[in-house]
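> this is the structure alone, sequence omitted:
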Ligand SMILES: Nc1ncnc2c1ncn2[C@@H]1O[C@H](COP(=O)(O)OP(=O)(O)OP(=O)(O)O)[C@@H](O)[C@H]1O
């Protein structure tokens, strides 16, 4: 269970809170899509959960662990429970698909092994397995820079699977992809979500995708949580409220 209590994020020198006293509980098994117009606070919300953005006040708890005051070392370990899938993939373009996937195991290994690039047979096997899961086995030894956007995002997902995550965060993971590829990526995320019984939280601009794939939708406006409900409750009236 992810429990967010009275969360505030204010950026330095900003006059308004980017996240303004938000409380919400999200549970395993839920596929949550986060809606809101540009600047509403979606990305800040997602980034505060894994502390890429430090909260100004309030609490975020994952299970029994309170995240907001955790030391960086402990957070680093815990973060490996959580994975982030980014809009621009955050891959290393000149490295192969396989090498990029292996980097997903970094969080739980001694830094020296990461630095030297030493991986066990078991880790390599897991990377091949992750690539199989996202349908990229054939591309394992291709350089990432030679892939399409959708394929790159699959590498991002394979890298995430290497961490054996409990919580998947997506910061607009399909914003750079065409509609058909976006749908395929959502199908993949949904399959992984269901097979592993995860908590998945994804920012998305496309309301149709959110309504089709989410089990729950939350929406922000000016940093405030203004909607929390089932996808079929996002009707024309709600749509106008969210995007006005
Ligand atoms: N690094 C930053 N420094 C200062 N202000 C920021 C920073 N990042 C975001 N903001 C501000 O915080 C608010 C929320 O931004 P955020 O990126 O979370 O919105 P968003 O809903 O994800 O928008 P988009 O859909 O355009 O990505 C906005 O007013 C934005 O200008």
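Perfect, thanks for sending it. These numbers come from a predicted model, not from an experiment.

> which bits of the protein sit near the ligand?
Neighbours of the ligand within the chain, by Cβ under 6 Å from any ligand atom: 11, 14, 18, 36, 38-44. Using the backbone N, CA and C atoms, a C-beta is placed for each residue, glycine as well.

> I'd like the next helix or strand past the biggest helix by length in the chain.
Counting residues, the longest helix found in the chain (DSSP state H) is helix 179-196. Stepping forward along the backbone from helix 179-196, the first helix or strand reached (DSSP states H and E) is strand 199-203.

> other SSEs contacting the helix or strand following that next one?
Beyond strand 199-203 in the direction of the C-terminus, DSSP H and E gives the next helix or strand as helix 207-213. Helices and strands in packing contact with helix 207-213 are listed as strand 31-35, helix 179-196; criterion 3 or more Cβ pairs under 8 Å, 6 or more residues apart in numbering; DSSP states H and E.

> quick one: which of the residues of the chain next to the ligand is nearest to residue 194?
Of all the residues of the chain next to the ligand, residue 194 sits closest to residue 42, with 23.5 Å by Cβ to Cβ.

> number of residues surrounding that closest one?
24 (other Cβ atoms under 10 Å).

> wait, it touches residue 22, no?
No: in this structure residue 42 lies outside contact range of residue 22 using Cβ atoms under 8 Å: 11.4 Å.

> from the residues of the chain next to the ligand, which ones fall inside helices?
For the residues of the chain next to the ligand, secondary structure assignment (DSSP H) places 42-44 in helices.

> can you tell me which of the residues you listed lies closest to residue 88?
With Cβ to Cβ as the yardstick, the closest approach to residue 88 among these comes from residue 43, at 12.4 Å.

> tell me which element the residue positioned nearest the centre of the chain falls in.
Ranked by distance to the mean C-alpha position of the chain (Cα atoms, centre = their mean), the top residue is residue 169 at 1.8 Å. Taking DSSP H and E as the definition, one finds residue 169 inside strand 167-171.
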